[in-house]
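Novice: one predicted model, sequence on top.
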Amino acid sequence: MDLEKRPAQQPVEPSTRRTPEQQTPEQQTPEGCLTVAIRIPVRIVVLVLVVPVRMVWDALVVGGRFLTDAVFRPVGRALLWVGRAVFVWPWVALWRYVVVPVATGLGWLGYWLVVAPVVWVYRYVLTPVGHAIAWAAAGIWAGIVWVAAGVWAGVVWVATGVGAALVWLYRWTLAPLGRGIAWLARGIGTGIAAVAVALFTAVAWLVRYLLVVPAVWVYRYVLTPVGHAIAWVARGAVRLVRMIFTGLWLGIYWTLRVLLVLPALAVWRWVLTPVGRALAVVGRELWDALGHAWRVAGRISLAVGRFLANLFRWIFVEPTRWVYRTVLTPAGHLVRDVVWKPVTAVARTVGRTTRQALATARASVRQARASVRWALFGQPQEPEPVARREPTAAETRTLGSSTTALTKD
């Protein structure tokens, strides 16, 4: 049993395959002493634990395949057939032999009772009526258009006369009156504008020297220095608060770094990382050992299964076959030749004789019944021959005889 770990190799051609002596040092994976020391005991223990599990697994697989082929698949096919017979085929028959004929009949009735009358009414009633209505509407529309054209022409003529009168009135009455009113308005507006300009100038001078100049002086020589002083004090306060919070943050940062981060980093670097690497090596070796043990257990289970199959064959199958070939087959041939064939020949002879006796008895009964009927009712009359219209075979055809339907007697 090979318990050493072998890397998976792809099959190569014999000409390109290298021996272990020809392999370069770069192709060989270096392994530590811890890995080699852990591998063999782990694989031995895992193999001992995995072999029963693999044998039970193979037995369950074989039993499952047998149940699938012998029980589940036939039962599934039977259930499928029953399901089709109960759920599918009745609906198919209902659709094919009830719904489709009824729908076809309803469609035919609907066509001849609804569609065909509607089409006839549309074609021979509504269409002529619509054409007549369209013709009448076209005539009415033409009359309306003609009347509207006449009315429009009258309106245009009247509007032209009214427009000419309005133009004359505007030119010789309203225009001179408007020019006079505009001259008066310009004179009055010029005086009012001069007064307004003077008032606005006076008010602007008063506002400038009574409000704007004092406000500018107060802003420049009072508010600006006070604002600069308040801004300087605020910047100093903000800088002081920032320095305080910076000092607190640095103190908290270095405290947390010294008390938590550096110990955690040391534990991670010098404790957890080596332990994790060791556990990774152990886990990898356990996984490889499980895979190797599973494959080896499969081979062992296959060998045990073949042994049990051969044992069953030599204990039950071969003796049964030997008994069938050497005992039952000659005994069956002897029974067939000595007992079965003579018995079947005698049975066939008896059957043939019985059938002949029954046929003779039926003929005798039939003849006796006919004799009784003749004695009671007399001999039945012979059927009278019917005159044939065709010449018999013994007669010959002449020019006076005919066999056609038009010249028959």
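Specialist: Thanks, I have the structure now.
Novice: show me where pLDDT drops low in the stretch 301-409 of the chain?
Specialist: 378-409 (pLDDT under 70).
Novice: apply 90 and report the result again.
Specialist: 301-309, 312-313, 316-317, 327, 332, 335-339, 341, 351, 357, 361-409 (pLDDT under 90).
Novice: what about the residue lying closest to L49 once chain neighbours are set aside, how many neighbours?
Specialist: Nearest residue to L49, sequence neighbours excluded (CB to CB, 6 or more residues apart in numbering): A293, at 7.7 Å. Using the backbone N, CA and C atoms, a C-beta is placed for each residue, glycine as well. A total of 24 residues lie near A293 under the criterion other CB atoms under 10 Å.
Novice: so who does A293 touch?
Specialist: R43, V46, L47, L49, V50, V51 (CB atoms under 8 Å, 6 or more residues apart in numbering).
Novice: may I see the PyMOL selection of the buried members of the residues you listed?
Specialist: Buried members of these can be picked out in PyMOL with the line below, counting by 16 or more other CB atoms under 10 Å:
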select buried, resi 43+46+47+50+51
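Novice: got the contacts of A293 as TSV, with pLDDT columns?
Specialist: TSV is the format used below for the contacts of A293 (pLDDT from 0 to 100):
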residue	pLDDT
R43	72
V46	73
L47	74
L49	79
V50	79
V51	79
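Novice: which ones among the contacts of A293 lie within helices?
Specialist: Among the contacts of A293, the ones falling in helices (DSSP state H) are R43, V46, L47, L49, V50, V51.
Novice: how much space separates the first one from W91?
Specialist: Meaning R43. 62 Å (CB to CB, to the nearest Å).
Novice: same thing with the third one?
Specialist: According to CB to CB, L47 and W91 sit 59 Å apart.
Novice: then the last one?
Specialist: Per CB to CB, V51 is found 55 Å from W91.
Novice: quick check: which element contains W254?
Specialist: Assigned by DSSP states H and E, W254 belongs to helix 224-256.
Novice: on that earlier part again, out of the ones in helices among the contacts of A293, flag the one nearest to L279.
Specialist: Closest approach between these and L279, by CB to CB: V46, at 16.6 Å.
Novice: ok, back up a step: and after the host helix or strand of the residue nearest to L49, which helix or strand comes next?
Specialist: If you go by DSSP H and E, A293 is part of helix 273-312. Downstream of helix 273-312, the next assigned helix or strand under DSSP H and E is helix 318-323.
Novice: who are the packing partners of that next one?
Specialist: Of the remaining helices and strands, none touches helix 318-323 by 3 or more CB pairs under 8 Å, 6 or more residues apart in numbering; DSSP states H and E.
Novice: tell me how far it lies from the chain's centre.
Specialist: Computed by CA atoms, centre = their mean, to the nearest Å, the chain-centroid distance of helix 318-323 equals 57 Å.
Novice: can I have the helix or strand just after it written out in PDB, keeping just the CAs?
Specialist: Sequence-wise, the next helix or strand downstream of helix 318-323 (DSSP H and E) is helix 329-335. The C-alpha trace of helix 329-335 is given here as PDB (Å, rounded to 0.1, in the frame of the first residue of the first chain):
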ATOM      1  CA  THR A 329     -31.600 -31.000 -18.100                       C
ATOM      2  CA  PRO A 330     -31.100 -34.800 -18.700                       C
ATOM      3  CA  ALA A 331     -34.100 -35.500 -16.400                       C
ATOM      4  CA  GLY A 332     -36.200 -33.000 -18.400                       C
ATOM      5  CA  HIS A 333     -35.100 -34.600 -21.700                       C
ATOM      6  CA  LEU A 334     -35.900 -38.000 -20.300                       C
ATOM      7  CA  VAL A 335     -39.400 -36.800 -19.100                       C
END
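Novice: which pLDDT value goes with the spatially most central residue of the chain?
Specialist: The chain has V88 as the residue nearest its centroid, 22.9 Å off, counting by CA atoms, centre = their mean. We have a pLDDT of 91 for V88.
Novice: how far does the helix holding W254 sit from the chain's center?
Specialist: 66 Å.
Novice: average pLDDT for the next helix-or-strand element following it?
Specialist: Using DSSP H and E, the helix or strand that follows helix 224-256 in sequence is helix 262-267. Confidence for helix 262-267, expressed as mean pLDDT, is 90.
Novice: what are the buried residues along helix 262-267?
Specialist: Under 16+ other CB under 10 Å, helix 262-267 has no buried positions.
Novice: okay, it in CSV with CA atoms only?
Specialist: Extracted as CSV, the C-alpha positions of helix 262-267 are listed here (Å, rounded to 0.1, in the frame of the first residue of the first chain):
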residue,chain,number,x,y,z
LEU,A,262,0.5,46.6,18.8
PRO,A,263,-0.4,43.7,21.1
ALA,A,264,-3.0,42.5,18.5
LEU,A,265,-0.4,42.8,15.7
ALA,A,266,2.2,40.9,17.8
VAL,A,267,-0.3,38.2,18.6
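Novice: helices and strands around it, which ones?
Specialist: Using 3+ CB pairs under 8 Å, 6+ apart, helix 262-267 is in contact with no helix or strand.
Novice: ok now it, how far from the chain's centre?
Specialist: 54 Å.
Novice: can you tell me what sits against it?
Specialist: Contacts of helix 262-267 (CB under 8 Å, 6+ apart): none.
Novice: what's the burial count for L286?
Specialist: 16.
Novice: which one is it nearest to, not counting chain neighbours?
Specialist: Per CB to CB, 6+ apart, closest to L286 is V42, 6.2 Å.
Novice: neighbours around that neighbour, how many?
Specialist: 19.
Novice: what do you get for the one 10 residues further on?
Specialist: The local packing of P52 (other CB under 10 Å) involves 11 other residues.
Novice: roughly how far does it sit from R65?
Specialist: Counting by CB to CB - P52 and R65 are separated by 21 Å.
Novice: surely E285 is in contact with V42?
Specialist: Yes: assessed by CB atoms under 8 Å, E285 is found in contact with V42 at 5.5 Å.
Novice: T201: which element?
Specialist: Counting by DSSP H and E, T201 is part of helix 175-207.
Novice: just checking, what packs against that helix?
Specialist: Using 3+ CB pairs under 8 Å, 6+ apart, helix 175-207 sits against no helix or strand.
Novice: where does V129 fall, secondary structure wise?
Specialist: helix 127-169.
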